[in-house]
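Asks: Quick one, structure for this:
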Amino acid sequence: MNDTLIGKLREVSFATLGHFLECGFVSHEVRAMVPGGRIVGRALTLRLAEPDACAVNRALASLQPGDVLVIDTVGDHAHACVGAVTQYAARCQGAAGIVVDGVVTDLNELRSCQLPVFARGTSQLTTKLLGGAASALNVAIHCGGVTVNPGEIVLADDNGVIALPDAPLAKVVDRALASDLAEPALLARLRNGEPLQQVLSLAPPAP
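Replies: Down below sits the predicted model:
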């Protein structure tokens, strides 16, 4: 694990990364179910091919501290595969959070536990103890229009979710951190009444 990169990503504003990246941004339809949560971690992926709680339980048992459980429900946006017990089990395993391209349940309980959970919405229809073999753990999956591979970095907050390999994030994180550091001074200049054109360098170049 690239601990230096992870450390920098814990400090950066994810929205600032959006100034420097164009890929890896999960659909806005996958959003925070637990407001105020923030995720920085490595993806443990699950392709949930049927609404099988047993497959989710196997994924939970495989979580390591700092992992992010990312679930591809293969287009099933009816059956909730994460609820109060699932979330708490992930927290006990040391997970950094859960991202579901689908729906979840037990919304009030999810918010009480405070482990970050991201999903498309909620449902009272849930998975069943099927015990099938169709689902797959730690394979390439799709989440909100983005391919997520096991071990990739997952970043999430109230603004959305990003999933990318190390290399593109490592390439831009220092510039993003520098941009974050410069922002308070820009805001101070605006508060002090400095012309917007001057603060944001909107003036045309000299001939």
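Asks: From here on, just use CA atoms for contacts and neighbour counts.
Replies: Fine.
Asks: If you count neighbours, what's buried in stretch 142-160?
Replies: 142-144, 146, 148-158, 160 (16 or more other CA atoms under 10 Å).
Asks: Sort out which one of those lies nearest residue 27 for me.
Replies: Within the buried residues of stretch 142-160, proximity to residue 27 (CA to CA) peaks at residue 144, which comes in at 4.6 Å.
Asks: and the gap between that closest one and residue 72?
Replies: According to CA to CA, to the nearest Å, residue 144 and residue 72 sit 9 Å apart.
Asks: Common neighbours of those two, please.
Replies: Here residue 144 and residue 72 have residue 101 as joint contacts, going by CA atoms under 8 Å, 6 or more residues apart in numbering.
Asks: what separates residue 127 from residue 47, distance-wise?
Replies: From residue 127 across to residue 47, the span is 14 Å (CA to CA).
Asks: Quick check on the two: which one has the bigger neighbour count.
Replies: residue 47 (22 against 18; other CA atoms under 10 Å).
Asks: which residues does that one contact?
Replies: So residue 47 contacts 71-74, 135-137, 139, 141 (CA under 8 Å, 6+ apart).
Asks: low pLDDT regions in the protein?
Replies: Low-confidence segments of the chain, defined by pLDDT under 70: 1, 202-207.
Asks: quick one, helices of it?
Replies: With helices called from DSSP state H, the chain shows them at 3-11, 14-17, 53-62, 84-92, 107-113, 166-191, 196-199.
Asks: Format the ones you listed as CSV; extra columns: mean neighbour count.
Replies: Converted to CSV, the helices of the chain look like this (neighbours: other CA atoms under 10 Å):
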stretch, mean neighbour count
helix 3-11, 14
helix 14-17, 19
helix 53-62, 18
helix 84-92, 18
helix 107-113, 15
helix 166-191, 14
helix 196-199, 12
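Asks: just to revisit the earlier point, quick check, nearest of the contacts of residue 47 to residue 100?
Replies: Distances from residue 100 to the contacts of residue 47, taken by CA to CA, are shortest for residue 71, at 4.7 Å.
Asks: returning to that earlier point: how about the helices of the chain, which one is nearest residue 78?
Replies: Using CA to CA, the nearest of these to residue 78 is helix 53-62, at 14.0 Å.
Asks: the inter-axis angle of that closest one versus helix 84-92?
Replies: 20 degrees (axes from the mean of the first three to the mean of the last three CA atoms, to 10 degrees).
Asks: from the chain's centre, how far out does helix 53-62 sit?
Replies: Relative to the centre of its chain, helix 53-62 is centred 19 Å away, using CA atoms, centre = their mean, to the nearest Å.
Asks: And for stretch 66-80?
Replies: With CA atoms, centre = their mean, you get 12 Å for stretch 66-80.
Asks: List the buried residues of it.
Replies: Here stretch 66-80 shows 66-74, 76-80 as buried, counting by 16+ other CA under 10 Å.
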